[in-house]
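A.B. asks: how would this look folded up:
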Amino acid sequence: MDNQKKGSTKLITTVVAVLVALGLVAVGLYSLFKTEEKPTTLGFESIGELATQAAYCTEVSVTEASQELFGVKIPFTQSKYIYSYDVIIKAGLDFREIKWSENGTVIEVTLPKAKILSNEIVEDSFKIYHENESVFRPITQPEFSEARVELKKNAEVTAIENGLLENAQNNAKVILTGFFANAYDLEEYEIKFIEAE
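C.D. replies: Modelled structure (predicted):
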């Protein structure tokens, strides 16, 4: 009888151990193959901006740092990176600020001044030309982030100096002329653009 009880106890223990093991395997497989679903909402809203010109700039930047002692740079502690990114700057008008009126056969269109609408780094355009990292003074992530902000500012200045805003303003006139041509016969009507102060 004692052997039978021992055998039953062993069988029950084995069955419980197998069930626990199967439960753990099931939980593990569930977490391995489980996918989380999130409902995605896609909406289109009128943002009221009309991009009429884009500038593509390649900006080269130098980020460097070194350990200093009493304001003097310590030799052999300098880290330096020379690299470039492409930057896309878009300019255009706020469509909500465009006003127009019809006076006889003249369509008067008042345009706001063109402005920068976006300034974005093309992440996969990164190229590195020189890399020297010192173990004594590595360049930190905040320093890289600050250098990227400066790089975007420089690209914007370069684009503006090369006529980005003027081209955006002129292209806006061409685009708006096309819009008005759909509703008016431009052989009979004259479009007069007035630039807001």
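
A.B. asks: output the contacting helices and strands for the helix or strand where E123 lies.
C.D. replies: Using DSSP states H and E, E123 sits within strand 115-132. Packing partners of strand 115-132 (3 or more C-beta pairs under 8 Å, 6 or more residues apart in numbering; DSSP states H and E): strand 49-65, strand 79-94, helix 141-161, helix 164-183. Glycine gets a C-beta too; all of them are placed from N, C-alpha and C.

A.B. asks: how about these in JSON lines, adding mean neighbour count?
C.D. replies: Shown next, in JSON lines, are these (neighbours: other C-beta atoms under 10 Å):
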{"stretch": "strand 49-65", "mean neighbour count": "17"}
{"stretch": "strand 79-94", "mean neighbour count": "19"}
{"stretch": "helix 141-161", "mean neighbour count": "15"}
{"stretch": "helix 164-183", "mean neighbour count": "15"}
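
A.B. asks: pLDDT below threshold where in the protein?
C.D. replies: 1-47 (pLDDT under 70).

A.B. asks: kindly provide the distance from the most centrally placed residue in it to Y85.
C.D. replies: Among the residues of the chain, the one closest to the centroid is E120, at 5.6 Å (C-alpha atoms, centre = their mean). Counting by C-beta to C-beta, to the nearest Å, the separation of E120 from Y85 is 10 Å.

A.B. asks: ok, now S66?
C.D. replies: Per C-beta to C-beta, S66 is found 24 Å from Y85.

A.B. asks: and I194, by the same measure?
C.D. replies: From I194 to Y85 the distance is 39 Å (C-beta to C-beta).

A.B. asks: I98 now?
C.D. replies: From I98 over to Y85 (counting by C-beta to C-beta), the distance is 33 Å.

A.B. asks: returning to that earlier point: what's next to the strand holding E123, contact-wise?
C.D. replies: 49, 51, 58, 60, 78-94, 148, 151-152, 155-156, 160, 164-165 (C-beta atoms under 8 Å, 6 or more residues apart in numbering).

A.B. asks: what do you get if the cut-off is 7 Å, keeping everything else the same?
C.D. replies: 49, 51, 79-92, 148, 152, 156 (C-beta atoms under 7 Å, 6 or more residues apart in numbering).

A.B. asks: in its sheet, what does that strand sit against?
C.D. replies: Partner strands and pairing direction for strand 115-132 (DSSP bridges) are strand 79-94 (antiparallel).
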